[in-house]
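In: predicted coordinates and the sequence they were generated for:
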Amino acid sequence: MKVKAPVQQGKTYQVKIVNLTYQGLGVGIFHDFPIFINNALPGEKVLTRVIRVKRHFSFGKVLKFYKKSPDRVQLVDKKYLQTGIAPLEHLKYSAQLKFKHDQVAELFKKAGLKVQIKPTIGMKKPYQYRNKAQIPVKLIKGRLETGFYRRHSHYLVPITDFYIQDPKIDQTILVVRNVLRKYHIVPYNERTHRGVIRNVMVRRGRSSHQIMVGLVTRTKQLPHAPEITKAIHHKLPEVKSIIHNVNLRDNNVLLGRQNRLLYGKPYIDDQLMGLTFRISLNAFYQVNPVQTEKLYSVAIKEAQLKPNQIAIDAYCGIGTISLSIAKYVKRVYGVEIVPQAIRDAKVNAKLNHIDNVKFVANRAEDQMPLWVKHGIRPDVIFVDPPRKGLAASFIKSAASVKPKRIVYISCKPATLVRDVRRFNKLGYHVVQPVQPVDQFPQTVQIESVTVLERE
Ligand code: SAH
């Protein structure tokens with residue numbers, strides 16, 4: 001039987017906001033039917049216009065506030081909400097931290113797990129923190145623009161101040177934009193799969209102040225590459241690396257496989273945890289260095305490392321965790337899927353005169369059983385997987401060698417909870433309160449450290 005939704009597209013409704021979704025949308029209920037509303041907070045009363053109706057829920061936008069939340073702060077710019085650059089910009093920072101804590105707590109509770117969650121560790125200056133940007137380039141009204149996509153669409157909103165990024169990165173993007181305009185580089189068009197420039201990637205070392213610029217094109221050639229290169233590093237002396245990356249695919253994966261060095265070195269350096277790191281274009285590097293040091297410090301402290309121990313750093317990237325823990329243990333083994341990142345990790349070990357760490361390029365779920373086969377018996381395993389979490393097979397082989405502790409750094413609580421349940425079945429339990437650390441202020445992303453121990 002088909003039940004008709006009690007709301008209609010285009011009509012307006014008065015609702016009270018009862019909740020905030022994990023995506024930061026306010027939940028209004030009309031005759032038991034949810035309306036998800038951007039820029040609406042729990043406790044608020046709003047007049048909403050429904051813009052889209054699905055079977056079990058709908059989306060609306062705010063036309064008028066009847067009652068505002070005490071947790072609301074004035075919008076810096078509504079563009080940041082529209083684009084999802086800062087989907088929590090309307091929520092005061094202390095409430096953002098509580099929201100993240102509550103999200104983690106709720107997911108553990110829903111899974112039937114009794115786990116303590118500590119208050120989220122926040123940031124003093126919760127904006128202008130990102131050390132990396134990946135900015136789409138589009139043609140709008142005949143002009144090359146850089147900005148960000150409107151939520152759930154491919155409509156680009158031109159933006160010059162990105163609010164959560166290092167302002168020097170914003171400045172770099174503008175210089176690059178103007179140079180691309182000057183040389184009439186045609187932006188990529190996803191519909192026709194035509195055009196040249198797809199996006200601009202910028203990374204800046206917080207400590208080193210070195211800037212890397214990646215120009216990602218659909219075509220093998222970047223017209224006027226020498227002139228463009230010269231113009232960029234002339235205007236921006238901090239730029240130490242310019243790379244042309246070719247992404248031939250017609251999907252929305254950001255970086256392609258082919259890199260061509262246009263200027264400087266194929267990497268930049270930065271300092272983190274008192275160590276020096278080389279970072280290539282394709283390698284992962286934590287985007288919020290200030291909070292990363294807090295995150296790693298929590299993970300290292302809770303791991304209770306001892307000088308005679310063997311540690312594994314699965315999903316090690318350029319080796320930031322491996323090299324930070326090397327001095328506390330006998331030996332560290334790191335694994336990572338991206339070959340460039342492992343090349344960086346090996347160089348990073350040398351740069352920091354660390355010789356008790358071994359890195360290998362492989363999938364963690366394939367390497368773990370190999371290590372087991374070769375008789376490596378870790379006492380502690382650090383995992384820091386992408387959002388999809390750990391492969392079930394990784395969990396099995398990790399648990400099979402009976403490490404004392406698993407330190408799980410997670411960037412998605414839903415998969416963390418799923419994986420904790422899998423570990424539970426193999427005799428591992430959460431022993432210390434989970435510690436959320438806010439790596440992504442103004443956004444809904446949630447990072448946390450969880451420690452599991454063997455029974
Ligand atoms: N610990 C590092 C990197 C964490 S990000 C740091 O803090 O900087 C997660 C890393 O996992 C990325 O570098 C990504 O390339 C890598 N990765 C993704 N899937 C993987 C897999 N199946 N096996 C090993 N590494 C993987």
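Out: All right, it came through fine. Small disclaimer: the values here were computed from a predicted structure and weren't measured. Numbers count the residues shown, from 1 in each chain.

In: where does this structure get nearest to the ligand, which residue?
Out: G317 (3.0 Å; Cβ to the nearest ligand atom). To be clear about C-beta, it is placed using only N, CA and C from the backbone, and glycine gets the same treatment.

In: check contacts around that residue.
Out: A283, F284, Y285, E336, V338, A341, A345, D384 (Cβ atoms under 8 Å, 6 or more residues apart in numbering).

In: how about the contacts made by the closest residue in space to it that isn't next to it in sequence?
Out: Beyond its immediate neighbours in the sequence, the residue positioned closest to G317 (Cβ to Cβ, 6 or more residues apart in numbering) is F284, lying 4.5 Å away. Shown in contact with F284 (Cβ under 8 Å, 6+ apart): G317, I318, V338, A341.

In: if I look at F284, how far off is K132?
Out: For F284, the distance to K132 (Cβ to Cβ, to the nearest Å) stands at 10 Å.

In: I'd guessed N282 sits against L255; true?
Out: Yes: with contact defined as Cβ atoms under 8 Å, N282 and L255 form a contacting pair (6.0 Å).

In: so which of the contacts of F284 wins on neighbours?
Out: Each of the contacts of F284 was scored for neighbours by other Cβ atoms under 10 Å, and I318 scores highest at 31 neighbours.

In: just the C-alpha atoms of the helix or strand of the chain with the lowest mean pLDDT, please, in PDB.
Out: Across the helices and strands of the chain, mean pLDDT, DSSP states H and E gives its lowest value to helix 78-83, namely a mean of 94. Only the C-alpha atoms of helix 78-83 are listed here, as PDB (Å, rounded to 0.1, in the frame of the first residue of the first chain):
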ATOM      1  CA  LYS A  78      25.700  31.700   3.800                       C
ATOM      2  CA  LYS A  79      27.800  30.300   0.900                       C
ATOM      3  CA  TYR A  80      29.600  28.100   3.400                       C
ATOM      4  CA  LEU A  81      26.400  26.400   4.400                       C
ATOM      5  CA  GLN A  82      25.100  26.200   0.800                       C
ATOM      6  CA  THR A  83      28.300  24.500  -0.400                       C
END
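
In: check which element follows that helix along the chain.
Out: Next along the chain after helix 78-83, taking DSSP states H and E as the criterion, comes helix 93-110.

In: between the two ends of stretch 14-27, how far is it?
Out: From its first residue to its last, stretch 14-27 covers 12 Å (Cα to Cα, to the nearest Å).

In: helices or strands up against the least confident helix or strand of the chain?
Out: Applying 3 or more Cβ pairs under 8 Å, 6 or more residues apart in numbering; DSSP states H and E, we find helix 78-83 packed against strand 143-149, strand 156-158.

In: kindly reformat those as JSON lines and extend each row with mean neighbour count and mean pLDDT.
Out: Below are the helices and strands packed on helix 78-83 laid out as JSON lines (neighbours: other Cβ atoms under 10 Å; pLDDT from 0 to 100):
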{"stretch": "strand 143-149", "mean neighbour count": "19", "mean pLDDT": "97"}
{"stretch": "strand 156-158", "mean neighbour count": "17", "mean pLDDT": "96"}
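
In: break down the stretch 1-150 of the chain into its strands, ranges please.
Out: Assignment of strands within the stretch 1-150 of the chain using DSSP state E, counting those that start in this stretch yields the ranges 12-20, 26-30, 33-37, 45-53, 58-67, 132-140, 143-149.

In: quick check: which of those strands is buried the most?
Out: Comparing the strands of the stretch 1-150 of the chain on average neighbours per residue, with mean count of other Cβ atoms under 10 Å, the densest one is strand 33-37 at a mean of 23.

In: mind checking how far that strand is from the chain centre?
Out: 27 Å (Cα atoms, centre = their mean, to the nearest Å).

In: try stretch 20-31
Out: 23 Å.

In: and what of stretch 89-101?
Out: Centre-to-centre, stretch 89-101 and its host chain are 18 Å apart (Cα atoms, centre = their mean).

In: repeat that for stretch 440-455.
Out: Per Cα atoms, centre = their mean, the centroid offset for stretch 440-455 relative to its chain is 13 Å.

In: what comes up buried for it?
Out: 440-453 (16 or more other Cβ atoms under 10 Å).

In: determine which two of those are furthest apart.
Out: Farthest-apart pair in these is Q442 and E453; separation 34.4 Å (Cβ to Cβ).

In: picking up where we left off before, now, the most widely separated pair of the contacts of F284?
Out: So, the contacts of F284 by Cβ to Cβ: farthest apart are I318 and V338, at 9.1 Å.

In: which residues are common contacts for the two?
Out: Joint contacts of I318 and V338 (Cβ under 8 Å, 6+ apart) are A283, F284.

In: adding distance to the ligand, write the helices and strands packed on helix 78-83 out as JSON lines.
Out: As requested, the helices and strands packed on helix 78-83 are exported to JSON lines (distance: least, Cβ to the nearest ligand atom, whole Å):
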{"stretch": "strand 143-149", "distance to the ligand": "22"}
{"stretch": "strand 156-158", "distance to the ligand": "27"}
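
In: mind putting these into a markdown table with distance to A105?
Out: Shown next, in a markdown table, are the helices and strands packed on helix 78-83 (distance: least, Cβ to Cβ, whole Å):
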| stretch | distance to A105 |
| --- | --- |
| strand 143-149 | 31 |
| strand 156-158 | 34 |
